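>>> I need the structure of the sequence given here:
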Amino acid sequence: MSFNKKAIGNSKKIRILMYHHISRDKKFVMKHKNLAVHIEEFKLHLEILKRLGYTTITFKDYSLFKENKINLPKKPIILTFDDGYESIYTEVFPLMEYYGMKGVIFILGDKEIKYSMWDFPAVEPQPLLNENQILELHEAGFEIGSHSLTHADLTIIPREKAWDEISRSRMLLEILLDAPVNTFAYTYGKVNPLIKELVKEAGYHFACGTYSGPPTIDKDDYEIRRILINGNQNLSSYTSKLLRPYIYFEWLWWKYKTVFYKNKITN
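I've put the predicted structure just below:
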């Protein structure tokens, strides 16, 4: 008689952070603190994670853990980067290589889009990763996920268009990487039951939101909550976001606001 050995680890301990743009321009970061982090702050974040004993993993690693193929580290953390800014290659990649870390990058399927026109004003468009940079990051162990085809708001466009944004982005990225793309991040953090179902039908294994979803990763594979990291963090606020009380507080606050606004509308 044979027995399947159960993988060791606690998925509830996985922390998931969300970054966008990492910049050396202090004036730019000060102006766009909601989405930009200065490179020196980011370096400090990585140093904190190292000193606190965190080990970076990817959603692929988490999937292998669920299949009882690998164990989780004692303090697992997933660092995600939305939109695929060029700064991931020029700033983030060298630092994470130095610290022996890896992350998950959510990029657009349409590689004709060279600049971000959604996060920052049109007068300050930020360059996105090119195909060679994406391939190098992928080969170095970074997981590449989809962030739709063109960064459309999936919740307000017709179903057929949403399906195209979700499914074709996966197809194009898989052609580029010659590897499966199993993770999706909802644009603007917006998601509803229809969009979740389309993501599942398109063959993704996981999908990430922003503020919505359960407090821990093991409850809903298609609405994974992440903690936003921006340029407003000091040392203590960043460290607090790694702690379970903060994660549950943020989740409870989101639940309260959701119920409050729903009741306000219905009344």
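>>> show me the strands in this structure, by range?
With DSSP state E as the criterion, the chain has strands at 15-19, 21-23, 36-38, 55-56, 76-82, 104-107, 115-116, 126-127, 143-146, 183-185, 206-208, 227-228.
>>> and the residue nearest to the spatial centre of the chain, what does it touch?
Geometric centre of the chain, nearest residue: residue 80, 3.5 Å, by CA atoms, centre = their mean. Shown in contact with residue 80 (CB atoms under 8 Å, 6 or more residues apart in numbering): 16-19, 103-106, 185, 208, 226. From N, CA and C alone the C-beta is placed, and that goes for glycine too.
>>> in CSV, list the residues you listed along with neighbour count, pLDDT and distance to residue 144.
Listed next are the contacts of residue 80 as CSV, based on neighbours: other CB atoms under 10 Å; pLDDT from 0 to 100; distance: CB to CB, whole Å:
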residue, neighbour count, pLDDT, distance to residue 144
16, 21, 98, 17
17, 20, 98, 18
18, 23, 98, 16
19, 25, 97, 15
103, 22, 98, 10
104, 24, 98, 8
105, 28, 98, 6
106, 22, 98, 8
185, 27, 98, 11
208, 27, 98, 13
226, 23, 97, 17
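>>> show me which of those residues is closest to residue 242.
residue 17 (8.3 Å; CB to CB).
>>> which of the strands of the chain sits most buried?
Ranked by mean neighbour count, these are led by strand 183-185 with a mean of 28 (mean count of other CB atoms under 10 Å).
>>> counting contacts, what elements does that one pack onto?
Strand 183-185 sits against strand 104-107, strand 143-146, strand 206-208, with contacts defined as 3 or more CB pairs under 8 Å, 6 or more residues apart in numbering; DSSP states H and E.
>>> that older thread, reformat the contacts of residue 80 as a markdown table; add distance to residue 239.
Output for these, formatted as a markdown table (distance: CB to CB, whole Å):
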| residue | distance to residue 239 |
| --- | --- |
| 16 | 16 |
| 17 | 12 |
| 18 | 17 |
| 19 | 16 |
| 103 | 19 |
| 104 | 22 |
| 105 | 24 |
| 106 | 25 |
| 185 | 25 |
| 208 | 22 |
| 226 | 17 |
